[in-house]
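Participant: Just need the structure, nothing else, for what follows:
(2 chains)
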2 protein chains.
Amino acid sequence: MQRNYQQQTLGILGGGQLGRMLIQSAINYNLDIHILDPDAEAPCKNLCSRFVQGSLTDFNTVYEFGKECEVISIEIEHVNTEALYQLEKEGKKIFPQPHIIELIQDKRKQKQFYLDRDIPTAPFVLTETKADVKQHLDFLPAVHKLGKEGYDGRGVQLIRSASDLDKAFDAPGLLEKFVDFDKELAVIVARNEQGEVKTFPSVECAFHPVHNLVEFLFSPATISPETDQKAQSLALEVIEKLDMVGLLAVELFVTKAGEILVNEIAPRPHNSGHHTIEANYTSQFEQHLRAVMGMPLGDTGIRSAAAMVNLLGEAGYTGEALVEGMDEALKEKGVYLHLYGKKLTKPFRKMGHVTVLEEDVDRLREKAQRIKELIKIKA
Amino acid sequence: MQRNYQQQTLGILGGGQLGRMLIQSAINYNLDIHILDPDAEAPCKNLCSRFVQGSLTDFNTVYEFGKECEVISIEIEHVNTEALYQLEKEGKKIFPQPHIIELIQDKRKQKQFYLDRDIPTAPFVLTETKADVKQHLDFLPAVHKLGKEGYDGRGVQLIRSASDLDKAFDAPGLLEKFVDFDKELAVIVARNEQGEVKTFPSVECAFHPVHNLVEFLFSPATISPETDQKAQSLALEVIEKLDMVGLLAVELFVTKAGEILVNEIAPRPHNSGHHTIEANYTSQFEQHLRAVMGMPLGDTGIRSAAAMVNLLGEAGYTGEALVEGMDEALKEKGVYLHLYGKKLTKPFRKMGHVTVLEEDVDRLREKAQRIKELIKIKA
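Facilitator: Residues are numbered from 1 along each chain as shown, chains lettered A, B, ... in the order given. Have a look, this model is predicted:
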C-alpha cells in the first residue's frame, strides 16, 4: 500500500533557518508544514501553512500545537519533552523520539550514554559546582561544559590550567579532558522507521579560533578512506545504539594518535551539513524529511567538493541587516548564497551561509577564503 | 553602492508551480514575495508574505496589487497589461516589460515581430476566420494557431490536408507551414537591466504524440556544438531585439535541412528549464530572480546530464491526488521529485515533474522512461 505523504501534516518545533531550509525541501513533496516558534518574525513565518507563535518549552503550547499534526519533528533541542511523550502516547509520530531529545538536552546524560554503550569519547568527570571543578586539577587541560542550555558555542569553557579555573560554570556540568585533536570531523547519518540507515561522507570543520563557531567546512574531509569509513561506522553505531529515527549529526575528533572520538551529537539538520544542498545527491534537509516521514533514504554521494562559510553578523553592527559584497560574490560560478530571513543583525548572529563548489581542493580553499572576506553582514 | 535585495518586494502575477519554484529560490535571498492568483488554493498560497486572491486580467486588481511592490514579474502571460503600463509610469520596475507581455499574448504579433526583425521562423499567413483558413489549401500541411488565449498545447491544431480544415479555429489566428523538423530544441536566455545576457545550453524536447505537451526533456541536446551555438545565438538575438529584461524561453525547430527556426517564446521560467534546478550551476528560477532584481546573472553551465519528465494527471482519474510509485522512484540515486502542491488531479493536469540525473546518455534515457512508467498521479 502506497503511503500518501501529501496528506500528512508535519509539525516542526522551531522556525529558524533549519526549519526554513527544511521547508525549501518539503515544498517538493506537498507536505503540509506547521511551525511553532516564540519569535513572531521567525524565518519560517511566511513559508508554512500554519504558524503558531508560542513557547517551545511550555507543555500546553507544545501539546496543543502537536495535536493538529501527524508527524512532529524539531529543529532545536530545547523543547518541552513531556508534551512530546504525551503526544506520542496519543499516537503521534515524534521523530527524533522524546527520549533522544531528553538525552541531547543534557550533555551529562549524553556523555554517560557514550560510556555505558562503549562509544569512544574523551574521558570526563561530572561536576556539580565551580568548587567541584577545582578538585580536578589533575584533569587539566580540560573543557568545562554546562550540562543544560549550552548552544552554539555557549556553555563551553576551555580550562587550560589552574589560572583558568574561575571560568568554570557554577552549575551542573562535565569536565572533559582536552583532546589535542588532529582534525574535527562531522558525519551526518539518517535512519527511518523501517530501520534503513545511511551516512553522508565525513566533512572537516574549521572553527573560528575565538568564537568557537564553525568558520569553514570542507567536504570531503582530507582524510584517508579508512578514517572516513571508521567515522561513518561510528556515526552508524551511535544512531543504532540510540534507536533513533531521524537525522543525526555526529561531531568527531580524530586524535593525533589516529583514534576517533565522539564529541557531540545533534538529532536534526546541522550546520555541518548545509553544503549537501548543492554538493551531494540528497541534501541533509531532504534526508531529514525522508527519515521522519518514513520514505526511503536518499543517496548521500558527493556531486562536487564543497566549502561552507557561515555568514555571521559583523562585530560592531546591530540593526537592520545589509549584505555587503553580494554582487561580487554572485558573479562567481559555484557560489550559493543562503540568507536566513532575519531582518536584524547583531555581532556573531548566524545570518546565512555560502556554499562554494570547486573541484580542485586548493582552489576551493582559496575561493572559500575570498568569499568569506568579500561578504559582510553589516547594518 | 550596494543594492540591498532584502529590502525589496517582488510581486508575482500568478501563483502556480512556476511561482512556487521561484519562491524556493527566492528564500535564499530574503526577498519579500507577494503573489496574485485567482485560485484561493494556488500552489504559492502558503509560501509568500502576501497572497491576494484576485483576477490577473482585471485592471484594478492588478494595479492595486502592484502598488505595494517595488518589482513586478509574471509566471503566466495572461495578465492585464494596461495596469502594468500604469504601474511602470508610476516608477515600478515591471520585468518582463509590459510591451513584451503584450507581444506574447498575441501569437500573430509575435510572428509578425520575427518577420519584421529578420528572426528565422516558419512561413505563415494571418487568418481571421475558419473560412479564411480554407483559402490556403496550398499552405497545407500546416498548423493553425489561435492568436490569443492558447496555452500548453491548447489553441493549436494540425491541419494535414483539406479533410482537417474543420479543425481550424473560427477566430483570429495564424496558419503556419508545418515544419518537418529533425529536433525540437529550447534555449533559455536571461538579460538584466544592466544589459548583461546569458544563455543556458540547448535542451531537446520530446513531445507526447497526442497531447502536445512536453513528455521528456533531455539536457544537453544531442546536437553538434555548432548547432548548439547557433541555437544559443538565436536566443540571444531574440532577447536583444525584444530589448527585454528577465528570463526568456525560446523554443526552436531544427529542420531536416539543418536550419534553425524560432517556434514560440515565453518570457518567464519554462517547462523546458525545470532540470536546471539540479542539473546546472544556476537554476532558471534563480536566473529569473537575478535578472529581474538587477543582480549579476549566474553561470549556466551543466553540472550533469539530465532528463525531465512531466507528471500529468492520469487519464480517467479526477479528485484528490495520490502519487503512485513514489517510494520505488525515490530509492534511485539522482531522482528528484517536484510536486506542485495541487490537491486535485484531473486528466493531463500538470501535477509535478521529476528530474533524473545520469552521466551516461543511454542509461539516462532508459532511467527516464522507467521513472515515467513508475510514477502515476491517480485519485
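Participant: So what touches stretch A:313-332?
Facilitator: Residues outside stretch A:313-332 that contact it (CB atoms under 8 Å, 6 or more residues apart in numbering or on different chains): A:335, A:337, A:339, A:342-349, A:351-352, A:354, A:367, A:371, A:374-379, B:2-6, B:290, B:295-296, B:298-299. For every residue, glycine as well, the C-beta is placed using N, CA and C.
Participant: can you do 7 Å?
Facilitator: Here stretch A:313-332 makes contact (CB atoms under 7 Å, 6 or more residues apart in numbering or on different chains) with A:335, A:337, A:339, A:342-349, A:351, A:354, A:371, A:374-379, B:2, B:4, B:6, B:295-296, B:298.
Participant: go on, stretch A:343-352?
Facilitator: Residues outside stretch A:343-352 that contact it (CB under 7 Å, 6+ apart) are A:17, A:41, A:211, A:310-313, A:315-321, A:337-340, A:342, A:377, A:379.
Participant: Sort out for me which of these are in helices.
Facilitator: The helices, defined by DSSP state H, take in A:Gln17 from the contacts of stretch A:343-352.
Participant: returning to what we had before: need the buried ones from the contacts of stretch A:313-332 selected in ChimeraX.
Facilitator: Only the buried entries of the contacts of stretch A:313-332 go into this ChimeraX selection, using 16 or more other CB atoms under 10 Å in any protein chain shown:
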select /A:335,337,339,342,345,346,348,349,351,354,371,374,375,376,377,378 /B:6,295,296,298
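Participant: Mind checking which of the contacts of stretch A:343-352 land in strands?
Facilitator: In this view, the contacts of stretch A:343-352 that belong to strands under DSSP state E are A:310-312, A:319-320, A:337-339, A:377.
Participant: would you turn the residues you listed into TSV with pLDDT and distance to A:Cys205?
Facilitator: As requested, these are exported to TSV (pLDDT from 0 to 100; distance: CB to CB, whole Å):
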residue	pLDDT	distance to A:Cys205
A:Asn310	93	11
A:Leu311	95	16
A:Leu312	93	15
A:Gly319	94	30
A:Glu320	92	31
A:Leu337	97	21
A:His338	97	18
A:Leu339	96	22
A:Ile377	95	21
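Participant: Only C-alpha atoms, please: export stretch A:60-80 in PDB.
Facilitator: Below are the C-alpha coordinates for stretch A:60-80, written out as PDB (Å, rounded to 0.1, in the frame of the first residue of the first chain):
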ATOM      1  CA  ASN A  60       0.400  23.200  26.800                       C
ATOM      2  CA  THR A  61       1.700  25.200  23.900                       C
ATOM      3  CA  VAL A  62       3.700  22.300  22.500                       C
ATOM      4  CA  TYR A  63       0.900  19.800  23.200                       C
ATOM      5  CA  GLU A  64      -1.800  21.900  21.600                       C
ATOM      6  CA  PHE A  65       0.400  22.600  18.600                       C
ATOM      7  CA  GLY A  66       1.300  18.900  18.200                       C
ATOM      8  CA  LYS A  67      -2.300  17.700  18.400                       C
ATOM      9  CA  GLU A  68      -3.000  19.000  14.900                       C
ATOM     10  CA  CYS A  69      -0.100  17.300  13.300                       C
ATOM     11  CA  GLU A  70       0.500  13.600  12.300                       C
ATOM     12  CA  VAL A  71       4.300  13.800  12.500                       C
ATOM     13  CA  ILE A  72       6.300  16.100  14.800                       C
ATOM     14  CA  SER A  73      10.000  16.900  14.500                       C
ATOM     15  CA  ILE A  74      12.400  19.600  15.800                       C
ATOM     16  CA  GLU A  75      14.900  22.000  14.500                       C
ATOM     17  CA  ILE A  76      16.100  22.900  18.000                       C
ATOM     18  CA  GLU A  77      16.500  20.600  21.100                       C
ATOM     19  CA  HIS A  78      15.300  23.000  23.800                       C
ATOM     20  CA  VAL A  79      11.700  21.900  23.700                       C
ATOM     21  CA  ASN A  80       9.200  20.500  26.200                       C
END
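Participant: Can you name the residues in contact with it?
Facilitator: The set of residues external to stretch A:60-80 that reach it, using CB under 7 Å, 6+ apart, is A:8-14, A:16, A:18-19, A:22, A:34, A:36, A:52, A:54-59, A:83-84, A:86-87, A:92-96, A:101, A:104-105, A:246, A:268-269, A:292-293.
Participant: So for the residue lying closest to A:Pro38 once chain neighbours are set aside, what's the pLDDT?
Facilitator: Of all residues not flanking A:Pro38 in the chain, A:Ser55 sits nearest, at 5.5 Å (CB to CB, 6 or more residues apart in numbering or on different chains). A:Ser55 carries a pLDDT value of 98.
Participant: Quick one: residues contacting A:Leu165.
Facilitator: A:Leu165 makes contact with A:133-134, A:159 under the criterion CB under 7 Å, 6+ apart.
Participant: tell me the secondary structure for it?
Facilitator: Assigned by DSSP: H, G, I helix; E, B strand; the rest coil, the conformation of A:Leu165 is helix.
Participant: any idea how far A:Val156 is from it?
Facilitator: A:Leu165 is 15 Å from A:Val156, where distance means CB to CB, to the nearest Å.
Participant: Please apply the same query to A:Glu77.
Facilitator: To A:Val156, A:Glu77 is 15 Å away according to CB to CB.
Participant: Please identify which of these two sits among more neighbours.
Facilitator: Neighbours per residue (other CB atoms under 10 Å in any protein chain shown) separate A:Glu77 from A:Val156, with A:Glu77 holding more: 21 against 18.
Participant: Excluding covalently adjacent residues, which one is nearest to that one?
Facilitator: Leaving aside its chain neighbours, A:Glu77 sits nearest to A:Ile104 (4.7 Å; criterion: CB to CB, 6+ apart).
Participant: quick one: the one you found and A:Arg268 touch, right?
Facilitator: No: using CB atoms under 7 Å, A:Ile104 is not in contact with A:Arg268, being 9.0 Å away.
Participant: who's more crowded, those two?
Facilitator: A:Arg268 (26 against 23).
Participant: give the contact list for the more buried one.
Facilitator: A:Arg268 sits next to A:18, A:74-75, A:247, A:288 when contact means CB under 7 Å, 6+ apart.
Participant: what's the spacing between it and B:Glu204?
Facilitator: From A:Arg268 across to B:Glu204, the span is 41 Å (CB to CB).
Participant: Can you name the residues of chain A that neighbour chain B?
Facilitator: Within reach of chain B by CB under 7 Å from any CB of the partner chain, chain A has these residues: A:2, A:4, A:6, A:20, A:24, A:27-30, A:46-49, A:281, A:295-296, A:299, A:301, A:303, A:321-324, A:326-327, A:330-331, A:333-334, A:337-339, A:341.
Participant: Can I have the buried ones of those as a PyMOL selection?
Facilitator: In PyMOL, this line selects whichever of the residues of chain A next to chain B come out buried by 16+ other CB under 10 Å:
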select buried, chain A and resi 6+20+24+27+28+29+30+46+47+48+281+295+296+299+303+321+322+323+326+330+334+337+338+339+341
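Participant: So which of the residues of chain A next to chain B belong to helices?
Facilitator: Mapping the residues of chain A next to chain B onto helices (DSSP H) picks out A:20, A:24, A:326-327, A:330.
Participant: Please name the nearest non-neighbouring residue to the residue in the stretch 101-250 of chain A positioned nearest to chain B.
Facilitator: Nearest residue of the stretch 101-250 of chain A to chain B (CB to the nearest CB) works out as A:Glu196 at 9.7 Å. In space, and not counting its chain neighbours, A:Glu196 is closest to A:Leu297: 5.3 Å by CB to CB, 6+ apart.
Participant: Many thanks, I have nothing further to ask.
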